[in-house]
Every structure is written in structure tokens, then in C-alpha cells.
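>>> The sequence and its predicted three-dimensional model are supplied below.
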Amino acid sequence: MPANSEGTMSKHSVKATLSAAVIATAVFGPPAAQAASAPLSGARVAAHFDLAAGRQPENVALSPDGTANITFAASRQVARVTRDGSTRIVATLPAPADGGVHTPVLGFPLTTGIVRAHDGTLYVLYATGTADLTGLWRIRPGCAPERIAGLPANGLPNGLALDPRTGTLYVADSVLGTIWSVPVRGGTPKAWSTAPELASTGFLGVNGLKVRDGALWATNLDLGTILRIPLDRPGTVRTTATGLVGIDDFEFTGRGDEILATLDSPNTVVLVRPDGTRSTVLDATDGLRNPTSVAVRGETVYVLSAAYSLADDPNMLLAHLDR
């Protein structure tokens with residue numbers, strides 16, 4: 001995560017930090033070799049973002065019309081990006097008084113997870129290392145952002161998922177190895193799960209989150225794993241895939257438990273089958289630059305790249321999901 005004017009890390013510091021993450025996960029080995037498969041076609045970069053302004057896309061939530069609501073990690077911004085690449089900033093979260101230098105692991109304030117409710121309300125996570133700003137923020141259409149739940153300043157809220165059936169938001173804290181639950185109206189977070197499979201081994205632990213079929217699915221970056229946790233048994237964790245070095249976010253393709261996952265440091269998107277085997281479906285030749293998140297709407301796949309270590313071309317890529 002390159003430097004910006006708000007006191008973020010230098011490019012060299014970022015590369016060193018990301019390299020440490022790769023080392024931490026390397027013990028699990030490279031992804032299992034698989035025959036090439038190509039369920040994606042027509043990949044193209046639909047939008048390029050301003051690296052110097054800190055507009056490095058971290059997470060995405062889609063609107064019904066296909067507009068991507070995204071967080072720009074290093075600029076503290078939330079934006080809407082159309083499929084033709086038009087970008088509009090809809091909110092900028094307040095800067096911490098100390099510049100965010102005490103944000104755990106990273107040393108700068110960053111916006112991370114985002115979800116969209118059916119009424120257009122956006123929920124966004126913000127990590128600053130300060131008690132007054134770190135937490136869950138709500139952005140209603142036409143309104144200024146407001147914090148509705150504080151989270152520990154010594155943690156790093158990262159992945160975010162919404163269960164619309166219960167009105168519950170789930171927050172992955174990548175430093176504290178905790179998944180918090182918060183009602184959509186806001187309030188005091190509850191530690192929903194602190195299972196050991198969520199913990200960090202030195203950089204970042206539990207990361208991406210998704211609710212599906214009575215379970216919360218999660219990734220662990222340090223361990224290179226995908227996890228499934230029943231919503232009614234948060235202490236029961238099943239590891240569904242391993243060896244995914246550098247895994248960040250993921251999304252289901254719509255074919256059972258088949259998953260597309262972004263691997264940041266290897267600079268690839270992989271297809272993970274229900275049996276845990278996987279194959280690379282996108283890479284640098286398609287335009288990936290340290291992919292951080294993925295979303296699927298119908299037959300369209302959205303992939304955000306933050307260029308954290310490559311430091312050249314943060315972007316949004318679109319591809320066709322071949323069914």
C-alpha cells in the first residue's frame with residue numbers, strides 16, 4: 001500500500017510487508033497443479049484509478065444496475081464505478097488526528113470491506129488505530145457517512161458480510177483473529193467467533209467474508225485457507241481449501257460451492273472447486289495488478305486490483321463467466 005499525504009507507508013515498506021505475508025503463507029506450498037481451465041473469457045480493464053491519489057480499490061459491492069460500489073483503501077474514499085469506467089466519489093471518511101500512524105500492521109488509515117443493503121445503504125469498514133474512528137460506518141443515499149459501531153482500535157476490521165435474513169453484519173478482524181457481529185441498526189459488536197482457524201500467524205488472518213446457505217465463509221490470508229462456519233455453530237470451522245498463498249477476497253460463481261478467489265501476491269484469480277482443487281483463470285496478462293476482491297453478477301465477473309506491491313496500475317477488470 002503505497003504512501004500518500006496522510007502519512008501512509010512508503011512503497012519500499014509496503015513491498016517488505018507484503019513479502020513477509022508471502023513468506024508467512026509459503027509453508028503451505030504452491031497451489032495444487034491442475035489442468036488449465038478457462039471459465040472466464042473476454043477479460044478487459046474497464047477502469048484505471050489514480051495511484052498517486054491513493055485510489056487503490058480494496059473491496060466491492062454491486063448495485064442492481066451493475067454499478068460497482070468500491071472502497072479506495074489509501075484515500076479513505078468510497079466510490080461508484082460504472083461498467084464503462086466512469087468513477088464518482090460518494091464519501092470520504094474523516095482523517096484521524098494522528099494521521100493513522102497507529103493503525104495495526106499497516107500504519108495508515110484505510111477503508112476496507114463494503115456491502116450494500118437492498119435500499120441502497122452502504123456499510124463500510126474503516127481502520128485508523130484510533131478509538132474514535134475505527135469501526136463500522138453507514139452511508140445512506142444522499143447522507144454523510146456516520147459511524148454506527150466502534151471496533152477495537154488495536155484491530156484491523158477488513159472483510160464484511162451481510163445476512164439480510166437476520167439483519168446482521170459480520171466483520172472480519174484480520175489482526176485480532178475475530179469475527180464480530182453487529183446489527184444493521186448499529187450498536188455494540190459481539191465477538192461471534194474467535195476460532196483458532198481465524199488467527200494471524202504474523203501478518204493478517206481472517207480476511208474475506210461471505211454468507212451462503214446457512215454458513216459464513218471466510219478466508220485466512222496467512223494460512224492460505226478458505227473456511228466454512230455454520231451460522232448456528234460459530235465455533236465449528238471446516239477448512240474447505242488450503243495452499244492458497246496470498247488469498248484475499250472471494251465470491252461464489254453460482255455453481256454450487258465453486259469459488260473465484262483473488263490471490264494478491266501471486267497476482268492471479270483462481271477457480272476453487274468444491275473438492276479444494278483449483279486452477280488459474282486470470283493473471284497479469286489479463287491486466288491483474290495485485291487483485292484484492294471479486295464480485296459476480298449474472299455472467300459478469302468484476303475484479304479489483306490495488307497494485308499494492310506492483311505500484312503501477314490499480315484498476316477494475318471485467319470478464320465473462322462462461323456457463
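Thanks, I have the structure now. Residues are numbered from 1 along each chain as shown.
>>> where along the protein do the helices fall?
11-26 (DSSP state H).
>>> wait, doesn't P157 sit right on L136?
Yes. Counting by Cβ atoms under 8 Å, P157 does reach L136; the two are 7.2 Å apart. (Each C-beta comes from the backbone N, C-alpha and C, glycine too.)
>>> With neighbour numbers in mind, choose between the two.
P157 (28 against 24; other Cβ atoms under 10 Å).
>>> and the more buried one, what pLDDT?
At P157, the model reports a pLDDT of 98.
>>> Show me whatever sits in contact with both of P157 and L136.
Common neighbours of P157 and L136, using Cβ atoms under 8 Å, 6 or more residues apart in numbering, are L125, Y126, L151, V171.
>>> how close does E258 sit to V281?
11 Å (Cβ to Cβ, to the nearest Å).
>>> Below-threshold pLDDT in the stretch 101-250 of the chain: ranges please.
For the stretch 101-250 of the chain, no stretch is flagged by pLDDT under 70.
>>> can you count the residues close to R76?
Neighbours of R76 using other Cβ under 10 Å come to 25.
>>> residues near the residue nearest to it when sequence neighbours are not counted, how many?
Closest residue in space to R76, ignoring its immediate chain neighbours: L93 at 4.5 Å, by Cβ to Cβ, 6 or more residues apart in numbering. Residue neighbour count, defined by other Cβ under 10 Å, stands at 21 for L93.
>>> so L93 touches L133, yeah?
Yes. L93 is within contact range of L133, at 7.4 Å (criterion: Cβ under 8 Å).
>>> Narrow the shared contacts of P157 and L136 to those that are buried.
Taking 16 or more other Cβ atoms under 10 Å as the criterion, what is buried in those is L125, Y126, L151, V171.
>>> Redo these as JSON lines? Include distance to S75.
JSON lines is the format used below for the buried ones among the shared contacts of P157 and L136 (distance: Cβ to Cβ, whole Å):
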{"residue": "L125", "distance to S75": "15"}
{"residue": "Y126", "distance to S75": "12"}
{"residue": "L151", "distance to S75": "21"}
{"residue": "V171", "distance to S75": "21"}
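>>> between these, which is nearest A53?
Closest approach between the buried ones among the shared contacts of P157 and L136 and A53, by Cβ to Cβ: Y126, at 17.9 Å.
>>> show me what contacts the residue nearest to R76?
Contacts of L93 by Cβ under 8 Å, 6+ apart are R76, Q77, V78, P109, T111, V124, Y126, L133, W137, P145.
>>> again, only this time at 10 Å
71, 75-78, 109-111, 124, 126, 128, 133, 137, 139, 145, 147 (Cβ atoms under 10 Å, 6 or more residues apart in numbering).
>>> Can you pick out the ones from those that are in strands?
Applying DSSP state E to the contacts of L93, the entries found in strands are T71, Q77, V78, L110, T111, V124, Y126, W137, I139, R147.
>>> who touches the last one in this structure?
So that's R147. Neighbours of R147 in contact, by Cβ under 10 Å, 6+ apart: L93, P94, V124, Y126, D132, L133, T134, G135, L136, W137, R138, G186.
>>> out of these, what pair is the most spread apart?
Greatest spacing in the contacts of R147, by Cβ to Cβ: P94 and G186 (17.3 Å).
>>> Compare these two (neighbour count), which wins?
With neighbours defined as other Cβ under 10 Å, P94 and G186 compare such that G186 has more, 18 against 15.
>>> looking at it, I89 is touching A79, isn't it?
Yes. The pair I89 and A79 qualifies as a contact (Cβ atoms under 10 Å) at a distance of 5.1 Å.
>>> In terms of neighbours, single out the busier of those two.
Just comparing I89 and A79: by other Cβ under 10 Å the higher neighbour count belongs to A79, 20 against 12.
>>> show me what contacts that one?
Contacts for A79 were tallied using Cβ under 10 Å, 6+ apart; they are 47, 49, 55, 57, 68-72, 87-92.
>>> on that earlier part again, common neighbours of L93 and L133, please.
Shared contacts of L93 and L133 (Cβ under 10 Å, 6+ apart): R76, P109, Y126, R147.
>>> So which bits of stretch 222-234 are buried?
Taking 16+ other Cβ under 10 Å as the criterion, stretch 222-234 shows D222, L223, G224, T225, I226, L227, R228, I229, L231, P234 as buried.
>>> Please apply the same query to stretch 120-139.
Buried residues in stretch 120-139 (16+ other Cβ under 10 Å): 122-130, 133-139.
>>> Equivalent analysis for stretch 138-152, please.
Buried-residue list, stretch 138-152, by 16+ other Cβ under 10 Å: R138, I139, P145, R147, I148, A149, G150, L151, P152.
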